[in-house]
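Participant: here is my input, please return the structure:
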Amino acid sequence: MLKMLGAALVILAATLVGWLKARQFASRPNQIRGLILALKRLETEIMYGFTPLPDALQRIANQNKEPIRSLFTVAAGHMNPPNNWTAQDSLQHAVESQWGFTSMKKPEKDIMNQLSYTLGTSDRQDQIGHIVTAIRQLESEEVAARDEQSRYEKMCKSLGLLSGAFVVILFY
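Facilitator: Take a look at the predicted model:
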């Protein structure tokens with residue numbers, strides 16, 4: 001009886017690991033889409049709103065769900081007193097400190113870091129151009145993430161269950 005309970009727990013744990021990995025594959029494209037929409041809102045704020053950058057970042061944070069919200073909240077928070085960091089420093093810090101809470105990978109992180117170098121350092125038109133470039137790059141990453149999702153999501157679910165069954169078979 002105890003062996004059966006242990007076997008069931010091993011299979012359950014391995015299945016849950018597979019499902020968690022599959023959820024990462026499923027949430028990555030959605031988070032990239034959320035980041036794209038947030039950058040489009042930032043583009044609108046810069047172009048038409050004439051909103052100071054910290055206020056624009058905070059507005060965008062308020063309009064998004066986690067983990068995108070915390071990314072922009074941290075960036076906006078460090079640009080305000082008492083820190084008064086530059087847009088580059090605050091966005092890079094936000095990316096470094098909050099990226100682990102997302103399902104996004106290094107290419108998206110590199111795009112955001114690249115955007116941070118130009119944000120707040122030039123005129124409106126130049127900033128809009130850099131944001132549009134980042135959006136285009138993120139859109140291509142979203143296509144790749146959707147492809148990965150369709151390819152690996154079901155496999156991870158199945159592999160979790162099968163690996164749990166394999167471990168149980170090995171122990172018997």
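
Participant: what is the lengthiest helix in the chain packed up against?
Facilitator: Criterion DSSP state H: the longest helix present in the chain is helix 124-171. When contacts are defined as 3 or more CB pairs under 8 Å, 6 or more residues apart in numbering; DSSP states H and E, helix 124-171 packs onto helix 2-44, helix 106-118. The way it works is simple: take the backbone N, C-alpha and C, and place the C-beta from them, glycine included.

Participant: what angle do the longest one and helix 106-118 make?
Facilitator: In other words, helix 2-44. 30 degrees (axes from the mean of the first three to the mean of the last three CA atoms, to 10 degrees).

Participant: now do the buried residues in the next helix or strand after helix 2-44.
Facilitator: The helix or strand immediately downstream of helix 2-44 is helix 53-62, counting by DSSP states H and E. Neighbour-count burial for helix 53-62 flags Leu53, Pro54, Ala56, Leu57, Gln58, Arg59, Ile60, Ala61 (criterion: 16 or more other CB atoms under 10 Å).

Participant: spit out the contact partners of the residue nearest to the third one when sequence neighbours are not counted.
Facilitator: What it means is Ala56. Closest residue in space to Ala56, ignoring its immediate chain neighbours: Glu45 at 3.9 Å, by CB to CB, 6 or more residues apart in numbering. When contacts are counted by CB atoms under 8 Å, 6 or more residues apart in numbering, Glu45 touches Thr51, Ala56, Arg59, Ile60.

Participant: closest one to Ala38 out of those residues, please.
Facilitator: Nearest to Ala38 among the contacts of Glu45, counting by CB to CB, is Ile60 at 5.1 Å.

Participant: which residues touch that closest one?
Facilitator: Counting by CB under 8 Å, 6+ apart, Ile60 has contacts Ala38, Arg41, Leu42, Glu45, Phe72.

Participant: the first one reaches Pro67, doesn't it?
Facilitator: No. The criterion here is CB atoms under 8 Å, and Ala38 misses it with Pro67 at 11.2 Å.
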